Each structure stands twice: as structure tokens, then as C-alpha cells.
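**Student:** Task: produce atomic coordinates for the following.
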Amino acid sequence: MPVEHATFSVHRALPRVELLDAHYVEYAFGRHTHDTYVVAAITAGVEEFHHGGGIERAGAGAVALVNPEVVVTGHAGVPEGWGYRVLYPAVESVLDVAADLRPVGAGTPAFATAVAHDEELARLVHAVHGAVGRDDALAASTAFRLLVVRLLRAHATPRTVRRVASAGTSAVVRARELLRARLVDPPGLEELAATVGARPFPLLRAFRDAHGLPPHAWLNQQRVAAARSLLRRGVPPAEVAVAVGFVDQAHLSRHFRRSVGVPPNAYRRAVQERTRLPPPAPGTVGA
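**Tutor:** Predicted structure coming up:
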């Protein structure tokens, strides 16, 4: 039976891209979202993940594709689990390449399928990982741009905007802004609804329609994103947990690993090896 492992990495040549090389057997990702794209080349076994109301299966040689803010899970589809090499490119990094290929105002690209059977795309994922492992900045940045071009030309369409019903778009937007501003001391649902001028249940339904998660689960995803920002700056996990609103380090670790796949300390060590970001200003949480 393969041994579980997970290694995060970053590289100076790809400042807005994170990489994961992992094999999971019993571990399962809970419902979560990413603020980045996800491009995962399956190297062994089968990964199953909830996506778009159904279950997708990606076997060795396939590439799993997930758009930003889409709710997904992840678990083994066969007893031996699954191995994969993953890229998490920020939206800005994809748009930077898209600007050379698509007309101005074409919109944010979105993957048209959740599982791609594309040998060239898989090869490029491995090429990026290999170049990062060799500390070859030119090869890493070149392979990454070629990969994004492949994605845009073969697997992406202009992203559609989800329509928000019930409580309305403006109430959901205001609720989201309030939750971001109050990561550490979020309001209850009743207070949140009253503040944005909505009733609790219609707001809950509209928020879930817009983001795929209820407000409390969405808030935890924002906390994880803020935690990643602080960890990249070398802040210890115990301090990060308090700064972003988790009860303690164990609470942070539970949510962090369910979304990211590695514990906070492992993530912090990985990103600190090749990046040296300045410490955050006093009293700031991070983006």
C-alpha cells in the first residue's frame, strides 16, 4: 500500500503559483474552495471529487481542473488512493498570459470540463514541477506559460456570472464584505441579515446559491486564505490561528489541512524555503 505524503513548494520564478506533490490513501478533503485555479495531473490511482452536483473520477494520466471559488472535495477512488502533481495559479497569473492571447474585455477564463484527458497538458504540469525541483527559473516560467496557453486554447471558455436569487445580489455582496471585515468576530446569521437588510433564511439561501457554501463555511475558507498569507510571511501557526479567528492552532490545522492538504507548519516551511516576504505590519491579518 502506498505511503501518504504531501509536499508544498513555491518558486521565485512563479510568484503567484503554488505547487503540491502528494499521494493520499485514506485522507479526504472536506468541502472547500480555492481562490486560485487548480490544475492537477494524476500520477497514480484514481481521485474522486464532488464537483458541480456530481462526482468526477480522474485516473492516472488525466488532469483535474477546478475553477476559482468552486466547491469541491477529494478522496480516493480506488483502495491504493491517488497521487498527483498540482498547480494552484492565481487568477492574476492566468489573466497575465490571457492578455497576450484574448481580446481585451474577454472576461475571466473558466475551465469547460472538470477532467481533461490531455497528454500534453499533463506533460506541462510535470515540466513545471520538474523545473521547480531543479531550481531552473527559466524552464519553470516557460513551462508555466505554455501550460496556461494550452489551458486557454483547449479547455477554457469565458466565465459565466452566477445569478443570485432571493435576497439579491447586493445583500450577498454586503454580507460577504462584512464577513471579510470581521474574520475574528463574525456576526450571527440574524445580525448579518439585519445589517444587510435581508431576512435570515433568504440571505442564507442566496449566499449558498452564489458561493456554494453557507456563510459560516465560506468564512472559514476566507480564514484559511488569510492564514496562508500570514504563513507565507513566516508568522507561527499559533499566532496565525488567533489573528484570523480560529479558536487555537488545532482548529486552524483542522480547517487548513482539509482545504490545502498539508498542515500549516509544513506549508510555512515550504514557502519560506524559497520566498522571503516582509513581515506583516502590526495589527494586520493579510489578504
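
**Student:** what helix or strand is residue 157 on?
**Tutor:** Assessed by DSSP states H and E, residue 157 sits inside strand 156-158.

**Student:** Oops, could you answer that again for residue 125 instead?
**Tutor:** In the assignment (DSSP H and E), residue 125 maps to helix 119-134.

**Student:** Buried residues of that helix, list them for me.
**Tutor:** Within helix 119-134, the residues that qualify as buried are 121, 122, 124, 125, 127, 128, 129, 131, 132, counting by 16 or more other CB atoms under 10 Å. (C-beta placed from N, C-alpha, C; glycine too.)

**Student:** So which of those is the closest to residue 59?
**Tutor:** Nearest to residue 59 among these: residue 122, at 11.5 Å, using CB to CB.

**Student:** Return the helix or strand in this structure with minimum mean pLDDT.
**Tutor:** None of the helices or strands of the chain scores lower by mean pLDDT, DSSP states H and E than strand 156-158, at a mean of 81.

**Student:** Check which strands are paired with that strand and give the direction for each one.
**Tutor:** Paired strands of strand 156-158, with direction, are strand 109-111 (antiparallel) (DSSP bridges).

**Student:** can you list the residues that contact the strand it pairs with?
**Tutor:** Strand 109-111 has contacts (CB atoms under 8 Å, 6 or more residues apart in numbering) with 37, 65-67, 94-95, 98, 102, 151-152, 155-160.

**Student:** Specify the strand with the largest residue count in this structure.
**Tutor:** The longest strand of the chain (DSSP state E) is strand 38-51.

**Student:** just for the stretch 51-200 of the chain, where's the confidence low?
**Tutor:** Residue ranges of the stretch 51-200 of the chain with pLDDT under 70: 102-106, 159-168.

**Student:** what about the helices in it?
**Tutor:** Remark: helices assigned in the stretch 51-200 of the chain by DSSP state H, counting those that start in this stretch are 91-98, 119-134, 137-154, 169-181, 189-196, 200-211.

**Student:** what's the spacing between the fourth one and its chain's center?
**Tutor:** The one in question is helix 169-181. Centre-to-centre, helix 169-181 and its host chain are 20 Å apart (CA atoms, centre = their mean, to the nearest Å).

**Student:** Roughly how far does the residue nearest to residue 95 when sequence neighbours are not counted sit from residue 151?
**Tutor:** Closest residue in space to residue 95, ignoring its immediate chain neighbours: residue 108 at 6.8 Å, by CB to CB, 6 or more residues apart in numbering. Using CB to CB, to the nearest Å, residue 108 is found at 13 Å from residue 151.

**Student:** What of residue 45?
**Tutor:** Using CB to CB, residue 45 is found at 23 Å from residue 151.

**Student:** now swap in residue 201 and tell me
**Tutor:** For residue 201, the distance to residue 151 (CB to CB) stands at 39 Å.

**Student:** These two: who's more crowded?
**Tutor:** Neighbour count, other CB atoms under 10 Å: between residue 201 and residue 151, residue 151 has more, with 25 against 12.

**Student:** List the contacts of the more buried one.
**Tutor:** 39, 65, 94, 109, 111, 121.

**Student:** which parts of stretch 227-244 are buried?
**Tutor:** For stretch 227-244, a neighbour-count test (16+ other CB under 10 Å) marks 227-235, 237, 240-241, 243-244 as buried.

**Student:** and what of stretch 138-154?
**Tutor:** For stretch 138-154, by 16+ other CB under 10 Å, it's 139-148, 150-152.

**Student:** Stretch 178-198 now?
**Tutor:** For stretch 178-198, the neighbour count (16+ other CB under 10 Å) marks 178, 179, 180, 183, 186, 189, 192, 193, 196, 198 as buried.

**Student:** Restricting to C-alpha, output that stretch in PDB.
**Tutor:** What follows is stretch 178-198, C-alpha atoms only, in PDB (Å, rounded to 0.1, in the frame of the first residue of the first chain):
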ATOM      1  CA  LEU A 178     -18.900  42.300   6.400                       C
ATOM      2  CA  LEU A 179     -17.700  38.800   7.000                       C
ATOM      3  CA  ARG A 180     -14.300  39.500   5.500                       C
ATOM      4  CA  ALA A 181     -14.000  42.600   7.700                       C
ATOM      5  CA  ARG A 182     -15.000  40.600  10.800                       C
ATOM      6  CA  LEU A 183     -13.000  37.400  10.400                       C
ATOM      7  CA  VAL A 184     -12.200  37.300  14.100                       C
ATOM      8  CA  ASP A 185     -15.600  38.300  15.500                       C
ATOM      9  CA  PRO A 186     -18.200  37.400  12.800                       C
ATOM     10  CA  PRO A 187     -21.900  38.300  13.500                       C
ATOM     11  CA  GLY A 188     -24.600  35.700  13.900                       C
ATOM     12  CA  LEU A 189     -26.900  35.000  10.900                       C
ATOM     13  CA  GLU A 190     -29.700  37.100  12.300                       C
ATOM     14  CA  GLU A 191     -27.300  40.100  12.900                       C
ATOM     15  CA  LEU A 192     -25.700  39.600   9.500                       C
ATOM     16  CA  ALA A 193     -29.100  39.600   7.700                       C
ATOM     17  CA  ALA A 194     -30.400  42.600   9.600                       C
ATOM     18  CA  THR A 195     -27.200  44.600   8.800                       C
ATOM     19  CA  VAL A 196     -27.600  44.000   5.000                       C
ATOM     20  CA  GLY A 197     -31.400  44.500   5.000                       C
ATOM     21  CA  ALA A 198     -32.500  40.900   4.500                       C
END
